[in-house]
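J.: Quick one, what's the 3D model for this:
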Amino acid sequence: MRKGFAVAVVLLGLAAVGCDGGMRDGLVVTGTPPATPYAGRLDVPFKESADGSAAEFEESSGAAGRALECDGEIYSGSGGDEWGKSDGGSTPEEGLNAYFDMNQSELPDRGYRVERKGEGRVLFSYDVGGQTKVAVVVAKDQPNRPGWGPETSASCDPSELPASFTDTKFEIWTDRDGQRVPTTTVSSYAGSEHCDWESVHFLALDEGEDARQYARDPDGALGDGELLTSAYDGDVRMPADARDTGYRFGDWALWLTDDKATAYVRTSGPSGAVEAWPAAKEWVACR
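T.: Below is the predicted model:
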């Protein structure tokens with residue numbers, strides 16, 4: 001991936017009208033161009049991701065994936081979305097606006113700048129600390145896709161995005177040095193309302209050996225032993241052989257034993273309780 005350069009960004013309001021009747025405020029910004037912007041092709045061929053791996057995301061995101069400057073691997077990438085006659089925009093900015101109209105994306109929807117222009121394509125980038133963390137390539141008048149619209153997009157891990165954005169959308173854990181940890185290593189999230197799992201909290205852990213999922217289920221919403229290896233316990237004694245992983249989120253501290261059969265979450269509340277979050281028998285997902 002390309003590495004750092006400083007970019008001073010100044011928000012610029014846009015008065016243009018997008019295909020949904022209005023351009024997002026601050027969608028596109030101006031600033032000092034980078035010393036070494038992405039110099040590759042904007043029409044890089046792409047194909048649909050088969051397994052959701054970082055390598056597949058790079059192949060499926062074309063030039064957008066190659067324009068990223070991630071600290072880790074690509075988190076997401078896609079291409080090939082078609083837009084109808086009423087979806088495309090009359091300008092590249094409206095094409096970018098159409099991307100957010102067409103996709104329920106958990107990405108920032110403002111603060112992009114033009115990084116590169118080419119024949120019939122424009123690369124927009126969202127920068128953090130002078131590095132491109134989200135990239136969207138818009139194209140003009142593609143087959144069966146009139147006007148300007150999104151061709152490929154890609155993003156780095158949410159942990160590389162600003163806390164001001166992620167705090168309302170993700171639970172980003174930190175390590176023992178206080179550094180944000182990639183969500184592909186450790187993440188937590190509330191259960192889905194669709195499955196009546198609002199009282200459940202999931203924790204996913206992948207340290208390279210195997211991926212495990214744990215659940216805080218005080219109300220037994222996941223059933224009696226159907227999905228979890230044991231029952232949740234909100235007040236246990238920390239096992240003598242448990243180790244502090246250094247991972248923290250709010251007042252939660254994650255401890256594990258060597259078998260990783262249970263996640264022990266110590267809280268920093270008045271009681272300093274230790275909770276036992278059992279592992280899932282198989283990956284639990286709401287359908």
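J.: list the contacts for Gly184?
T.: Gly isn't right for residue 184; it's Thr. Applying CB atoms under 8 Å, 6 or more residues apart in numbering to Thr184 gives the contacts Gly72, Glu73, Tyr75, Asp157, Asp206. Bear in mind the C-beta positions are built from the backbone N, C-alpha and C, glycine included.
J.: could I get those residues as a markdown table with neighbour count and secondary structure?
T.: Listed next are the contacts of Thr184 as a markdown table, based on neighbours: other CB atoms under 10 Å; DSSP: H, G, I helix; E, B strand; the rest coil:
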| residue | neighbour count | secondary structure |
| --- | --- | --- |
| Gly72 | 14 | coil |
| Glu73 | 16 | coil |
| Tyr75 | 22 | coil |
| Asp157 | 24 | coil |
| Asp206 | 15 | strand |
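J.: so can I have TSV of those residues showing pLDDT and distance to Arg216?
T.: Shown next, in TSV, are the contacts of Thr184 (pLDDT from 0 to 100; distance: CB to CB, whole Å):
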residue	pLDDT	distance to Arg216
Gly72	93	27
Glu73	91	28
Tyr75	94	25
Asp157	97	23
Asp206	93	18
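J.: Tell me where this structure has strands.
T.: With DSSP state E as the criterion, the chain has strands at 9-11, 29-31, 76-79, 112-118, 121-128, 131-142, 145-155, 186-190, 201-206, 211-216, 243-249, 252-256, 262-267, 274-278.
J.: Check which residues of the second one are buried.
T.: If I follow you right, that is strand 29-31. Val29, Gly31 (16 or more other CB atoms under 10 Å).
J.: partner strands of it, parallel or antiparallel?
T.: Each strand paired with strand 29-31, and its direction, by DSSP bridges: strand 9-11 (antiparallel).
J.: With the third one instead?
T.: Each strand pairing with strand 76-79, determined using DSSP bridges, is listed with its direction: strand 145-155 (antiparallel).
J.: for the fifth one, same thing?
T.: In the sheet, strand 121-128 lines up against strand 112-118 (antiparallel), strand 131-142 (antiparallel) (DSSP bridges).
J.: Just name the most buried of the ones you listed.
T.: The highest mean neighbour count among the strands paired with strand 121-128, using mean count of other CB atoms under 10 Å, belongs to strand 131-142: a mean of 24.
J.: Could you tell me which residues make contact with Ser188?
T.: Glu171, Trp173, His201, Phe202, Leu203, Ala204, Phe249, Trp252.
J.: ok, now Lys140?
T.: Lys140 touches Pro92, Gly95, Gly120, Arg121, Gly147, Trp148, counting by CB under 8 Å, 6+ apart.
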